[in-house]
Structures are given as structure tokens and as C-alpha cells.
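Enquirer: need a structure here:
(4 chains)
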Protein chains: 2
Amino acid sequence: MNEERSVGDKTGRGAVRTITDLARLAGVSPGTVSRALAGKSLVNTKTREKIEAIAREHGFRPNQMASGLRRQKTGVIGVVIPLGHDTSQQISDTFFMTLLGFLADELTRHGYDLMLRRVVPETDADWLDRFIGSGMIDGVIVIGQSDQFDRIEDVADHYSPMVVWGNHTEGQRHCVVGTDNRLGGRLAAERLIAAGAQRLAFVGDTTAIEFAARFAGAQDVALRMGIAPVLALPTHLVPDRASAEIARHLAATAGQIDGIFAATDTLAALCLTELRDRGIAVPDTVKLVGFDDLPVARQTVPPLTTVRQDIAAGARGLVDLLLRRLAGEQTESLVLPPQLVARITA
Amino acid sequence: MNEERSVGDKTGRGAVRTITDLARLAGVSPGTVSRALAGKSLVNTKTREKIEAIAREHGFRPNQMASGLRRQKTGVIGVVIPLGHDTSQQISDTFFMTLLGFLADELTRHGYDLMLRRVVPETDADWLDRFIGSGMIDGVIVIGQSDQFDRIEDVADHYSPMVVWGNHTEGQRHCVVGTDNRLGGRLAAERLIAAGAQRLAFVGDTTAIEFAARFAGAQDVALRMGIAPVLALPTHLVPDRASAEIARHLAATAGQIDGIFAATDTLAALCLTELRDRGIAVPDTVKLVGFDDLPVARQTVPPLTTVRQDIAAGARGLVDLLLRRLAGEQTESLVLPPQLVARITA
DNA sequence: AATCTTGTTGCAATCGTTTGCAATAGAAAA
DNA sequence: TTTTCTATTGCAAACGATTGCAACAAGATT
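Expert: Numbers count the residues shown, from 1 in each chain, chains lettered A, B, ... in the order given. Model prediction:
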């Protein structure tokens, strides 16, 4: 056969790479070694201890690929971030990245590994099925529906162990965890109005479903309070483009708005900068509310009033639901309540 | 055998899950299907097309675990973030997270998947060997040496496909990619002094090797310029603790320092807040320089003068070197030049 | 017509671990 | 002493894809 073993010989000395090597050393059969290391009770205590000792001594660890193949489960959860709208750009979105960090910890805590994939659905229509069909993952967490709602719905019909971070829509078929964006939007608008604003604008991209819900929430309030409808100011998430777009929006609406609801704290921070550059006082002349309560919200000048999403709770919810689905349960979606964090900008 | 197949039947209809199923449908042997799908040239074009058509029709994808086991390579690169110092806390460090995002894109571009693991070396001495020995990954990228320099060195001796983000030390044996931290420290100190500061302080945790190098660079300059040595103000990275610690430092050193070099932009932003709270004018009374050039650096008031690390270049370097090591090459470390970004705080 | 290519395909072993079933030994019960 | 357990262990067949080698057919060469 003569295949090269090259590159990175994992074991320096003795070469105890397989369970069979170890079995030979211990004078037992591979099956017994497997059972001993798995901690099954049907191995004699003394035998087990001997095997464990040898394993420890040689730093042996069973091959996860082989184990995964045989057991038909890998111990790996896929986490996929679809880069839908705002394609081509590296969206190192702080919110998603923080969520990812918590997810990693939470999955580790439950003994799972995390396989990360960023995909561009536009150039790769097959992104979700390919990940699922790879055989490498036991389940998948999708971070952000982006503009892929329909595709996710399709997959949910025939693949159960999937949980999605995003917006909950009445009657949807996939299991989702997320903040009540519409309520969040209401909280933001109510705060702006309570602070004295009457002519509101929304800064963000309403083709993203989460943002659309936030916008809708704000619109609810405007309608209920009988003030002018909230003005939508389409803005990309990528900082470079966003700055310019916000500047343009502010120029175009000069004097016509006195309250801004930004879809994200990142956008809110940019708004703050642009407002300052134009000499517009915040919160005196224009009130401003963000969303997420990222660390940056506390560091702006003045500090940002914002709608808080509990990221840690979100990560826990995602993992918890996924594990229950892996156990065969059918689970409902989980909608988390947002919370207004009152600081200075509104 | 009677094992349950339960949970998430990946295929709705026809059940073409294995290469053998597909072979039966196509009327050929499994081997031929394998060759056809692998794009090897030794399959008749017509046969290949037929097989590809059936595969497409049934949404078949070969099982990566089986393939990985047989070929002894997985197509997965492990990325591990050791949480060494500042343990117990979720360090969702923006810099590392951004680097991670770029890494994901860069690895994807080369056809690799990314398996993410955060580990706490203190409670898990075996973290690196276990990851490597799992058989799930072809190579590993370690993000940050933390306080694990020695362990990484040990592993490097017998495991080649590993590249580390971090600080380069003379004569080290593991392949590292990173910014020239010492030079960065020099740039920062020079800038502070050029702006008129004479009594410098360093805010950060010098037990982390990267930060120690930044501090040392600043110290170099202080020595060379004949001013007082740079005062080390030990500060954790976690925002909650950091704020309090910085406040304490500022109180303790009131009037004794006129230039602060913060180990990170995040810390610098916190310094800015604390300085403002104490009514200390920046840059008039105290100059301030950060490190990293994260997005936040442009959004503080006043905007932060900082030392830029080219994160995208870092990610490219890490992946490039790792791939060359996977190909059997021995590679040198890569040290990237930092760049001073002059804004307002110094 | 016989031999030699060349191009395709099938066969079967292999990657390393798990696990149902059968075999064995020793202990307990008769 | 014989029989019946019970607790351990070994055997060998999976898991699904890859690949060296051999077999084969059809065309090319002699």
C-alpha cells in the first residue's frame, strides 16, 4: 500500500497510536481496551486500571474519526454564519462574535466541539445541506437568518437537530432562539418619545428580518402615539459604508428628525460620531437609542441608551434546545425579552 | 445489531446515504463512484456524468468521517484559544474574535473547515495534546500564547503542523506569526514623548508575553531618551475588573504621570472614560496611546492614537504557514510590522 | 489471427473504533 | 461432585469511503 505517514508524527516514542497497539501492550483484546476506556462497567477493575495506566503513560487517545464513524455520532456541533445581505464584506459583527464565544464555552461545557463555518449563500446555494450532509456534525446552530429564511424552513422539515438564532415569526417551522425584536423596537421608540422626540428615524437595513422587526416595533409605537411614521434610513452594517451613508442621511434630513433609533450599537456609535461632526447636540437636539448593549455602548460619549440583548442567555438557550432536539424531543422556539438600558443619549 | 438510527434522518426520500447506495443505482461498483466523485481522471466521462447526475438528484454527499478515516486526513484545522491568565472569565476579546473571523474566511478559501476550542489550561493541563491527538484535525492554530509558552514549545518538538499567533522570542522552536510587539511598544512610547509626555505608565498585564514585549519596547525608549522608567500598572483585561483597577491606578498616581500606554485599545478606551471622570484632559494633561487599532479606536472621544496590527495579514500568514507545514515544509516565523495610527489622544 | 496496448472497472483490503454474541473461567448452588 | 450462574473477555462484523492490483474489453499493432 505504501501510503506516506509523513507530516506530524503525533507520538514521539513508543508509537501507541491505536487501540490495538495498546491492547497488545496490555495483553488483552482491542475490544476490552475500548470498553475500558469508555468506562463501561463490564470490565474487571484491575484490567481497567492497567489499561488506563498504559494509556496515560503513552498519552494515548482514541481516534475520534474512527469512533465517530462507528458510533454514527461525532460529538461536534456545527455553527454556521450565513453572510447574506452585505455580502462580500467581512462582517466581523461584534454581536455575532460575542455570541460565538459564549456558544463555544457552552458547548464545551456539554462535551461538544464546535465546527465553525461562514458561508456566502449567494455564491453557494447549497450551504446548509452540505454542512448537514457532511457527516461531520451531530447538529447545527445557525447564527442569524440573514435573508435565508425560506431555505432554513425547507431544511427544518427534514432535519431536526437544528436551532437558529434570529427572529421569531408567527407559524414558522424552524426552532429559533432570539430576542423579541419587535418589543425591543417598541422600547426604543417609547424611550425616544419619552425623552421628547417626535420625529423618529430608523438607521439600519430593513431587508434583514431582525432589523425589520425592530423597525416595525418602533412603527407600532409611532402609530399608537399618533406621531409621524418612523423614517427608514437604509444603512449597511459595514462600518466604512455605514459612516458615509449616515452622513448622507443626516444631511438629507437636517432639522427634520429629533430621534434616531439605530439597529445596532455599532451603528449608533457611528451616528454619534457623525452627529458630533455636524455639531448636533446629543441628547439635547437629537435623541439616540441603540440596540444590543455591546461594550462600546458604555464607552461612547455620551454613553449610549440602548436595548439590551442577553447574549449569554441566548447561547445557553441555543445549546439547551439543540441538546434536547438531539435527544429526540420536539422543542418550541425561545423568545427572550429585551431590556432598555437607560444611559445618556435618550 | 439493532442500533437506533433515530434523530434527524438527513435524507427525506430515496435514502441514498452511502456511496454503495449510489453505486447500486448507477449500476457500477462503489469504487467507481468514489473515483468519479473525486474527479479522478480514470473514470469514463459518460460514467462519471451519470454518477454525478444521480448524486445531484439525490443530494448525495460522501461521509467526511469515513473519508477522513481512510485517507488519514480530515480537512479540518483546529483553532484553539487558551484562556490562561485572567482565567474563569469569558474573554470575548475583540482582537482575537476578529482574527478568528478572518481565519475562518481564509481557511474556507483553501477548502478547510475550522474547529474551534477554547480551553482553560489551568484546569486542563493536557489541552494541546488532546486536541492534536483527537485525530479530528490535520493541523492546529493556537491563538495567543497566553502563559503557555513552554507547553507549546514542548509540543512543537514532535508535532509539526502547528502555527501560533503571538510573540516571537529569540531562539524559540515553535512557528509563530505576530506583530513585532516590542517595536510597537517603542512606537507608542516615542509618540507619547513626541507629544510632550515625560512620565510614562503602562496599563496592562505584563505576565502575558505579548504585553510584556510591548512594555519592554516602551521601556527601551524611556531608557534611550533618558526619562524616568515606565511605570507598570498591572491591569486585567476583563472590562469590569479593568475599570476599577484603572480608577485605582489613576488615584494612586495622580499628578505623577502624563503619558499612558495601554496594552489594548479596549483598555485605552476604559482609561479614557476614567480620565474623563476624574476631569483629566486628554491629550492636554495626559497623553494616551492604545494598541490594536480596533474599530473602537475611531469612535472614542477624542479618537484614539494607537498602534495598528494588521489582523487580515496575520490571518493570511497563519494559514499560509500552516499549509506549507502540512505540505512538509519547515517554515520560519513571521513577524509583522506594527504601524502607528496618529489620531488625537497623543 | 495473434499479441500488445490503453482505458475502465471491479475486487477486496484497509483506516481505527465499537459492540452483539459466544466462549470461558471461576464461584455458587445443588 | 455436578450443575448453574455470573462476571469477563475475545471474536468478528460492522461504520462508509478510498485505492493498489488485477481483470477485462476494445482497439491498435504486428
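Enquirer: up against DNA strand C, what does chain A have?
Expert: Selection of chain A residues close to DNA strand C by C-beta under 7 Å from any atom of the strand yields A:1, A:17-20, A:30-31, A:34-35, A:37-38, A:62-63, A:66-67, A:69-71. Just so you know, the C-beta spots here come from the backbone N, C-alpha and C atoms, and that holds for glycine as well.
Enquirer: show me what the lowest-mean-pLDDT helix or strand in chain A is in contact with.
Expert: Lowest mean confidence among the helices and strands of chain A (mean pLDDT, DSSP states H and E): helix A:296-299, at a mean of 86. Identification of contacts with helix A:296-299 by C-beta atoms under 8 Å, 6 or more residues apart in numbering or on different chains yields A:94, A:265-266, A:268-269, A:290, A:303-304, A:306, A:341, A:343, B:269-270, B:272-273, B:296, B:299-300.
Enquirer: mind checking which of the residues of chain A next to DNA strand C are buried?
Expert: Taking 16 or more other C-beta atoms under 10 Å in any protein chain shown as the criterion, what is buried in these is A:17, A:19, A:34, A:35, A:37, A:62, A:63, A:66, A:67, A:69.
Enquirer: identify the farthest-apart pair in these.
Expert: The largest separation in these, counting by C-beta to C-beta, is between A:17 and A:35 at 19.1 Å.
Enquirer: who's in contact with the residue positioned nearest the centre of chain A?
Expert: Nearest residue to the geometric centre of chain A (C-alpha atoms, centre = their mean): residue A:143, 3.8 Å. Counting by C-beta under 8 Å, 6+ apart, residue A:143 makes contact with A:79, A:80, A:81, A:96, A:99, A:100, A:165.
Enquirer: which ones among those residues lie within strands?
Expert: Counting by DSSP state E, these place A:79, A:80, A:81, A:165 in strands.
Enquirer: run a quick neighbour tally on the second one.
Expert: The tally of other residues near residue A:80 (other C-beta atoms under 10 Å in any protein chain shown) stands at 21.
Enquirer: returning to that earlier point: any buried residues in the helix or strand following the least confident helix or strand of chain A, and which?
Expert: Proceeding N to C from helix A:296-299, the next assigned helix or strand is strand A:305-308, under DSSP states H and E. Using 16+ other C-beta under 10 Å as the test for burial, strand A:305-308 gives A:305, A:306, A:307, A:308.
Enquirer: could you list the paired strands of strand A:305-308 along with their orientation?
Expert: strand A:287-292 (parallel), strand A:339-341 (antiparallel) (DSSP bridges).
Enquirer: contact partners of the longest one?
Expert: By C-beta under 8 Å, 6+ apart, the residues outside strand A:287-292 that reach it are A:94-95, A:184, A:188, A:191-192, A:195-197, A:214, A:258-269, A:271-272, A:275, A:282, A:297, A:304-309, A:345-346.
Enquirer: from the residues you listed, list just the buried residues.
Expert: Buried, going by 16+ other C-beta under 10 Å: A:94-95, A:184, A:188, A:191-192, A:195, A:197, A:214, A:258-269, A:271-272, A:275, A:282, A:297, A:304-309, A:345-346, out of these.
Enquirer: on that earlier part again, ok, the contacts of residue A:143 vs residue B:147, which is closest?
Expert: Distances from residue B:147 to the contacts of residue A:143, taken by C-beta to C-beta, are shortest for residue A:100, at 23.9 Å.
Enquirer: report pLDDT for that closest one.
Expert: With respect to pLDDT, residue A:100 scores 93.
Enquirer: show me where pLDDT drops low in the stretch 51-200 of chain A?
Expert: Applying pLDDT under 70 to the stretch 51-200 of chain A picks out residues A:84-92.
Enquirer: taking the stretch 101-250 of chain A, what residue is nearest to DNA strand C?
Expert: Per C-beta to the nearest atom of the strand, residue A:135 is where the stretch 101-250 of chain A lies closest to DNA strand C, at 12.9 Å.
Enquirer: tell me who's in contact with that residue.
Expert: Taking C-beta under 8 Å, 6+ apart as the test, what residue A:135 contacts is A:74, B:61, B:62, B:63, B:64, B:65, B:66.
Enquirer: same thing but 10 Å
Expert: Residue A:135 sits next to A:68-69, A:72, A:74, B:10, B:17, B:61-68 when contact means C-beta atoms under 10 Å, 6 or more residues apart in numbering or on different chains.
Enquirer: and if you look at residue A:202?
Expert: A:185, A:188-189, A:211-212, A:214-219, A:230-235, A:259-263.
Enquirer: out of these, which sit inside helices?
Expert: A:185, A:188, A:189, A:211, A:212, A:214, A:215, A:216, A:217, A:218, A:219 (DSSP state H).
Enquirer: mind putting the residues you listed into JSON lines with distance to DNA strand D?
Expert: As requested, the ones in helices among the contacts of residue A:202 are exported to JSON lines (distance: C-beta to the nearest atom of the strand, whole Å):
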{"residue": "A:185", "distance to DNA strand D": "46"}
{"residue": "A:188", "distance to DNA strand D": "50"}
{"residue": "A:189", "distance to DNA strand D": "53"}
{"residue": "A:211", "distance to DNA strand D": "40"}
{"residue": "A:212", "distance to DNA strand D": "40"}
{"residue": "A:214", "distance to DNA strand D": "43"}
{"residue": "A:215", "distance to DNA strand D": "45"}
{"residue": "A:216", "distance to DNA strand D": "45"}
{"residue": "A:217", "distance to DNA strand D": "47"}
{"residue": "A:218", "distance to DNA strand D": "50"}
{"residue": "A:219", "distance to DNA strand D": "50"}
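Enquirer: quick check on the residues you listed: which are buried?
Expert: Looks like these have A:185, A:188, A:189, A:211, A:212, A:214, A:215, A:216, A:217, A:218, A:219 buried, using 16+ other C-beta under 10 Å.
Enquirer: so can I have a markdown table of those showing distance to chain B?
Expert: Listed next are those as a markdown table, based on distance: C-beta to the nearest C-beta, whole Å:
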| residue | distance to chain B |
| --- | --- |
| A:185 | 24 |
| A:188 | 20 |
| A:189 | 24 |
| A:211 | 19 |
| A:212 | 25 |
| A:214 | 21 |
| A:215 | 24 |
| A:216 | 28 |
| A:217 | 26 |
| A:218 | 24 |
| A:219 | 28 |
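Enquirer: ok, of those residues, which one's closest to residue B:336?
Expert: Distance to residue B:336 across these (C-beta to C-beta) is lowest for residue A:211, with 36.1 Å.
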